[in-house]
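> Sequence first, then the predicted structure, then my questions.
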Amino acid sequence: MPYHAAGDPDAVGRVRAALVAAGLADTVRTFDDEVPTAAAAAGVLGCDLGAIANSLVFELDGAPLLILASGAARVDTKLVAERIGSARIRRASPDFVLAHTGQRVGGVAPVGHPAPLRTLLDTHLAAYPVLWAGAGDHRSMLSISYDDLARVTGARALEVR
């Protein structure tokens, strides 16, 4: 899958299509500059760092596990593993992420993947009326409510830190 500095229009298009298919508005915004980190996105959007929903892909027994986590803190993988009854969760490699999401690290969206991913949703994100998440490339973000994010991803709410 070719990737260009301007972003991956196919990945962003799949995210837009997934939002619309779920009955949501297309809230994707694309910026002139890249926003590959929660801090960069919060700065451009003028929102609290905690309102950024990082789409973090982990490997769990060879399968992807997507954790939608607040940008305000790190995921405690040991805690998550205990809570879901697993021995070990580890950060996925960039190639693993691309293979399972069709999106590159730093731009992974919560939706628009080739197949649904097992997903956990950080309960701390519920404190924000509007969340922002990556939308398929390093320059695009989408806005969504906590309840809609849980619904469209089929996520299980869990304290992840």
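Now that the structure is in, tell me what you want to look at. Residues are numbered from 1 along each chain as shown.
> Relative to the whole chain's centre, how far out is the helix ranked longest in the chain?
Scanning the chain for the helix with the most residues, using DSSP state H, yields helix 9-21. Centre-to-centre, helix 9-21 and its host chain are 14 Å apart (Cα atoms, centre = their mean, to the nearest Å).
> what packs against the helix or strand following that helix?
Next in sequence after helix 9-21, counting helices and strands by DSSP states H and E, comes strand 29-30. Contacting strand 29-30 under the criterion 3 or more Cβ pairs under 8 Å, 6 or more residues apart in numbering; DSSP states H and E are the following elements: strand 140-144. C-beta coordinates here come from the backbone N, C-alpha and C atoms, glycine included.
> So which elements touch the strand it packs on?
Contacts defined by 3+ Cβ pairs under 8 Å, 6+ apart place strand 140-144 against helix 9-21, strand 29-30, strand 131-134.
> Tell me which of these sits most buried.
Each of the helices and strands packed on strand 140-144 was scored by mean neighbour count; the highest is strand 131-134, a mean of 27, by mean count of other Cβ atoms under 10 Å.
> so how far is that strand from its chain's centroid?
Relative to its chain's centre, strand 131-134 lies at 7 Å (Cα atoms, centre = their mean).
> Does anything pack onto the longest helix of the chain? Which helices or strands?
The contact analysis (3+ Cβ pairs under 8 Å, 6+ apart) places helix 9-21 against strand 140-144.
> Make CSV out of the helices and strands packed on strand 140-144 and add mean pLDDT.
Shown next, in CSV, are these (pLDDT from 0 to 100):
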stretch, mean pLDDT
helix 9-21, 94
strand 29-30, 96
strand 131-134, 98
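> Looking at the ones you listed, which is nearest to Arg104?
Each of the helices and strands packed on strand 140-144 was checked against Arg104 via Cβ to Cβ, and the shortest separation belongs to helix 9-21, namely 8.0 Å.
> Report the secondary structure state of Thr119.
State at Thr119, reduced to three classes by DSSP: H, G, I helix; E, B strand; the rest coil: strand.
> Ala155 is in contact with that one, correct?
Yes. The pair Thr119 and Ala155 passes the contact test of Cβ atoms under 8 Å, sitting 4.0 Å apart.
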